[in-house]
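[1] The sequence isn't on hand, but the structure is:
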DNA sequence: GCTACTGCTGATATCGGTAACCCAAACCCC
DNA sequence: GGGGTTTGGGTTACCGATATCAGCAGTAGC
């Protein structure tokens, strides 16, 4: 590197070509389409590559070919372990197909998401995966103008940008609520994460309400709460519902950390679960199954969402498929001791 | 896009230049160094940019300038929530400095790490952050030859590639063991994660042994165990140590999930903690503080490691610093009810 | 023996920017 | 008011690959 931080003296394809006594074009072919080159030349190139320590320059390659093998992913938060399995699934598939992953987090803000999308488009990514389903108008135009394929995977949204891979938050929440009703609970509380910026939360609450209506239970506002995320928040929600006059016999937490916080609060207070109140959670956070009692929850296909998202994206990029795609992955109720 | 997946018809800088009636060089300047251009031209360019919907092409830019704003990160596993805070820290700092983050995971394999490093170098990243501190010989040569700055952050290794930002796994494990000894425990068990591919695990066990030796306790092989990661694994380790004849009065789990699994097993069996056995953990997994009893553990500067790693890397890239850097971040013992 | 085709390789022109250099006008100080 | 400096902007030559097309040998077909 020189003083300005510019790298100098890297080995170029030209050096490989000189050593192998062929043109750069032939080196390029030997590396990209080995079948199009004679075995003899192929061997000479391979030898030259390792002799000079050539590391391909994909920047030049992408510029020249207008193709790239980088996928951009925007999640609301990297730290939130919820997204970790999905990212892992994406990463697994991309690695198998020799693609790279760029990640940005939006901190749940559409404006930050827009900035991340712009940065990705500037890098000329081959595709985008967005967890959120609400975007700024500017982000939407940029994406459409760029022609880059996109997968959204937060929820099965009704009006996708392009492709969707997810499960129905609405149906999942409804299914769990119906499950509780079937078990005989009649005053089912519901705690959701913030609704304003989060279509997923809204879907879940709508699902809960649909279930309540379906089984003919009265809708009691004292049974419904909206809370910020976090363990402490879950504990607080529990106490507020229990002391809020709604007298819940079961509480459905539409967020695994919230449920976790609530059940730990029960443990601390010595409240029997489900003796005093039943508790159900929304996500398959590993620990929920190991608590005392183990917590009834929904198994959501987090890893699978990542895998399938990457797959449909690659299918489109590589021309194996075209047009709208909407993959509805299944969830599953895991009935355990807490309800 | 045409049939081959090649994007067509994107807006180029040249289109902006035509509309603003200046040369492309001036557009480039107006965008990169606004101060070097008259206010009049600056305004015309800005207007033209939004009129034609120009999205800069950083691929061409990097090729031309031999500079890039992409940082490559390799972690052993994306899914493991341990790394999530570190990644978040990196991401935060990079975003503030207008850089992008590429992530790959090695699945704890040095060969996979090498492949990821090669892919990053092919993308001509401006810097690398590696969690692991053991690398293949090939990876080491590639990195040195490329001249790309590197930060390692798994542990304060004695022979870094370049820069290190971490805490001392050895000292942390030693400190916790001494803490237990000071509390009066005399038969202190130790459970570690796999040692073979993991310098961090080895450091931790060495720290444990150093402490045992320092306070003059006997080294009993029945008190030391190596286990694969996971909740179930922690529970099994607990049982094996308790029934292995070593009669531990305290167990130090060098992995938070292991400790979690053990404490939940105690809960299930109704074993009082620390009445039957005291339990200490190695990491500041949020939940540990909310369990009954809350678990004594080490607060490790995970987020800070990410932040500082990104900072020292950017300092080097942007020429604000040169030469070796070794940042030793502090850990802290959090004494709670479980010991 | 001549055309047609296939298989392999090279020359040349980009891809879309930025670096380096250059020049004209404006400004400056005695 | 002239030499020196600054300011703003254009010209040209790349950065390091790949697409395209042309060339040329071998060879198959008739």
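    Happy to help now that I have it. As the structure is a prediction and not an experimental result, all values here were calculated from the model.
[2] Going by C-alpha atoms from here, please, whenever you check contacts or count neighbours.
    Will do.
[3] which other helices and strands contact the lowest-mean-pLDDT helix or strand in chain A?
    Ranked by mean pLDDT, DSSP states H and E, the weakest helix or strand in chain A is helix A:256-269, scoring a mean of 91. In terms of contacts (3 or more C-alpha pairs under 8 Å, 6 or more residues apart in numbering or on different chains; DSSP states H and E), helix A:256-269 is packed against helix A:231-242, strand A:278-280.
[4] Ok, which of those comes nearest DNA strand C?
    Between DNA strand C and those, the tightest spacing by C-alpha to the nearest atom of the strand is seen for helix A:231-242, at 45.9 Å.
[5] Tell me if I'm right that residue A:262 and residue A:240 touch.
    No. Residue A:262 lies out of contact with residue A:240 (C-alpha atoms under 8 Å); the separation is 10.9 Å.
[6] Please identify which of these two sits among more neighbours.
    Using other C-alpha atoms under 10 Å in any protein chain shown as the criterion, residue A:262 and residue A:240 rank with residue A:262 on top: 25 against 15.
[7] For DNA strand D, see how far away the residue nearest to the more buried one when sequence neighbours are not counted is.
    Closest residue in space to residue A:262, ignoring its immediate chain neighbours: residue A:235 at 4.2 Å, by C-alpha to C-alpha, 6 or more residues apart in numbering or on different chains. Noted for residue A:235: a distance of 56 Å to DNA strand D, by C-alpha to the nearest atom of the strand, to the nearest Å.
[8] got the residues of the stretch 201-339 of chain A near chain B?
    Within the stretch 201-339 of chain A, the positions near chain B by C-alpha under 8 Å from any C-alpha of the partner chain are A:231, A:261, A:264, A:267-268, A:287, A:290-292, A:317-319.
[9] Could you identify the most distant pair in those?
    Across those, no pair lies farther apart than A:268 and A:319, at 56.4 Å, counting by C-alpha to C-alpha.
[10] in terms of contact, does residue A:48 touch residue A:12 like I think?
    No. Residue A:48 lies out of contact with residue A:12 (C-alpha under 8 Å); the separation is 11.6 Å.
[11] Tell me which of those two has more neighbours.
    For the pair residue A:48 and residue A:12, the greater number of neighbours falls to residue A:48 (21 against 16), based on other C-alpha under 10 Å.
[12] Shouldn't that one be within a strand?
    No. Counting by DSSP: H, G, I helix; E, B strand; the rest coil, residue A:48 is not part of a strand but helix.
[13] which residues sit in contact with it?
    A:16-17, A:19-20 (C-alpha atoms under 8 Å, 6 or more residues apart in numbering or on different chains).
[14] Buried by neighbour count: which residues of the host helix or strand of residue A:177 qualify?
    Per DSSP states H and E: residue A:177 is located in helix A:169-182. For helix A:169-182, the neighbour count (16 or more other C-alpha atoms under 10 Å in any protein chain shown) marks A:169-181 as buried.
[15] now do stretch A:64-72
    For stretch A:64-72, by 16+ other C-alpha under 10 Å, it's A:67-72.
[16] And these, which is closest to DNA strand D?
    Using C-alpha to the nearest atom of the strand, those come closest to DNA strand D at residue A:67, 7.8 Å.
[17] what about the closest one, which SS state?
    Put simply, residue A:67 is coil when judged by three-state DSSP.
[18] Now it: phi and psi?
    phi -130, psi 150 (degrees, to the nearest 10).
[19] Do I have it right that it meets residue A:126?
    Yes. Counting by C-alpha under 8 Å, residue A:67 touches residue A:126, with 7.0 Å between them.
[20] now, among the buried residues of helix A:169-182, which is nearest to chain B?
    Nearest to chain B, judged by C-alpha to the nearest C-alpha, of the buried residues of helix A:169-182 is residue A:169 at 22.3 Å.
[21] Let me see the contact set for that closest one.
    Per C-alpha under 8 Å, 6+ apart, neighbours of residue A:169: A:155-156, A:200-201, A:203-204, A:207.
[22] Neighbour-wise, which one of the residues you listed leads?
    Greatest neighbour count in the contacts of residue A:169, by other C-alpha under 10 Å, goes to residue A:204: 27 neighbours.
[23] buried sites along stretch A:240-249?
    So for stretch A:240-249, counting by 16+ other C-alpha under 10 Å, buried means A:241-242, A:246, A:248-249.
[24] Give the phi and psi angles for the residue in chain A positioned nearest to chain B, as a check.
    Of all residues in chain A, residue A:102 sits closest to chain B, at 4.2 Å by C-alpha to the nearest C-alpha. Torsion angles at residue A:102 (phi, psi; degrees, to the nearest 10) stand at phi -110, psi 140.
[25] Tell me if I'm right that it and residue B:91 touch.
    No. Contact criterion C-alpha under 8 Å: residue A:102 and residue B:91 do not qualify, at 10.9 Å.
[26] which residues do the two both contact?
    B:100-101.
[27] Could you pull out the helices in the stretch 51-200 of chain A for me?
    Ranges of helices in the stretch 51-200 of chain A, per DSSP state H, counting those that start in this stretch, are A:58-65, A:82-96, A:110-122, A:137-146, A:169-182, A:199-214.
[28] distance between the helix or strand following the last one and the chain's centre?
    Sequence order places strand A:224-226 as the next helix or strand after helix A:199-214, per DSSP H and E. Taking the mean C-alpha point of strand A:224-226 and that of its whole chain, the gap between them comes to 25 Å (C-alpha atoms, centre = their mean, to the nearest Å).
[29] Go ahead and name everything in contact with strand A:224-226.
    A:189-195, A:237, A:241.
[30] and residue A:178, what does it touch?
    A:211-212, A:215.
[31] before we move on, the earlier item: what's the closest of the buried residues of stretch A:240-249 to residue B:143?
    The closest of these to residue B:143 turns out to be residue A:241 (C-alpha to C-alpha; 57.1 Å).
[32] Let's see the pLDDT reported for the closest one.
    Per-residue pLDDT puts residue A:241 at 97.
[33] ok, now the one 3 residues further on?
    Among the per-residue scores, residue A:244 holds a pLDDT of 92.
[34] Who are the contact partners of it?
    Applying C-alpha under 8 Å, 6+ apart, the residues near residue A:244 are residue A:222.
[35] quick one: whichever strand or helix holds residue A:40 near DNA strand C?
    Assigned by DSSP H and E, residue A:40 belongs to helix A:39-52. Yes. With C-alpha under 7 Å from any atom of the strand as the criterion, DNA strand C is reached by helix A:39-52 at A:40-41.
[36] just to revisit the earlier point, what's the closest of the buried residues of stretch A:240-249 to residue A:257?
    The closest of these, once distances to residue A:257 are taken by C-alpha to C-alpha, is residue A:241, at 16.9 Å.
[37] Nearest spatial neighbour of the closest one, chain-adjacent residues omitted?
    residue A:223 (6.4 Å).
[38] Verify the stated contact: the one you found with residue A:189.
    Yes. Using C-alpha under 8 Å, residue A:223 makes contact with residue A:189 at a distance of 4.4 Å.
[39] which one of those two has more residues nearby?
    For residue A:223 versus residue A:189, the count of surrounding residues by other C-alpha under 10 Å is larger for residue A:189: 28 against 21.
[40] ok, the more buried one to DNA strand C distance?
    For residue A:189, the distance to DNA strand C - C-alpha to the nearest atom of the strand - is 54 Å.
[41] contacting residues around that residue?
    With contact set as C-alpha under 8 Å, 6+ apart, residue A:189 has these partners: A:223-224, A:241, A:248-252.
[42] Widest-spaced pair of those residues?
    Across the contacts of residue A:189, the longest distance by C-alpha to C-alpha is 13.1 Å; it joins A:224 and A:249.
[43] hang on, the earlier thing: buried deepest among the helices and strands packed on helix A:256-269, which one?
    strand A:278-280 (a mean of 28; mean count of other C-alpha atoms under 10 Å in any protein chain shown).
[44] Just list what that one packs against, helices and strands only.
    Using 3+ C-alpha pairs under 8 Å, 6+ apart, strand A:278-280 sits against strand A:250-253, helix A:256-269.
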